[in-house]
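Chemist: need coordinates for the following:
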Amino acid sequence: MGQVTVRVGGYSHPVSCEDGQEAHLVSLAAEVDKRVNSIKAMGGQFGESRLLLLGALLLADEVHDLKVALSQARAGQNMAVPQPDPRLAERLARIADRIEGIAQTLDRP
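Modeler: Predicted structure coming up:
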């Protein structure tokens with residue numbers, strides 16, 4: 001069993017993987033880190049879990065767009081691949097702020 005320590009958003013995470021998959025896992029972590037760093041660049045104070053959540057949402061949005069493009073290509077609809085919205089991180093941060101505000105009102109006695 002392989003073991004690597006990846007760094008995402010300034011935090012180190014030890015992760016196990018199959019032998020020989022270490023470089024692939026490091027590459028995947030670099031993709032996550034890229035998204036997390038784009039969120040951090042917006043400013044604001046985000047905890048580790050929130051940064052990872054927003055980074056995961058950015059990746060999920062990209063995966064969704066790719067699935068749609070693949071489905072269209074398979075159906076013979078040779079449409080252009082949708083371009084990612086550069087304001088997506090900003091919109092996700094605003095949504096997350098709203099969710100956090102709602103959660104705080106629910107936590108009040």
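Chemist: from here on, contacts and neighbour counts on C-alpha atoms
Modeler: OK.
Chemist: pLDDT on stretch 38-45, on average?
Modeler: Mean pLDDT, stretch 38-45: 84.
Chemist: same check on stretch 74-83?
Modeler: On average, stretch 74-83 scores 68.
Chemist: what about that stretch, start to end distance?
Modeler: 19 Å (Cα to Cα, to the nearest Å).
Chemist: can you map out the helices along the protein?
Modeler: Assigned by DSSP state H, the chain shows helices spanning 22-40, 48-74, 88-107.
Chemist: looking at those, spot the one closest to Gly9.
Modeler: Gly9 lies closest to helix 22-40 among the helices of the chain, at 5.7 Å (Cα to Cα).
Chemist: identify the residues contacting Glu22.
Modeler: Gly2, Gln3, Val4 (Cα atoms under 8 Å, 6 or more residues apart in numbering).
Chemist: among the residues you listed, name the ones in strands.
Modeler: Gly2, Gln3, Val4 (DSSP state E).
Chemist: distance check, the nearest residue to the second one once chain neighbours are set aside against Leu28.
Modeler: Counting by Cα to Cα, 6 or more residues apart in numbering, Gln3 lies nearest to Ser16, which is 4.4 Å off, once chain neighbours are set aside. Between Ser16 and Leu28 the distance, using Cα to Cα, works out to 13 Å.
Chemist: so what's in contact with those two at the same time?
Modeler: Going by Cα under 8 Å, 6+ apart, no residue sits against Ser16 while also sitting against Leu28.
Chemist: winner for burial among the helices of the chain?
Modeler: Of the helices of the chain, the one with the most neighbours on average (mean count of other Cα atoms under 10 Å) is helix 22-40, at a mean of 17.
Chemist: thanks a lot, see you next time.
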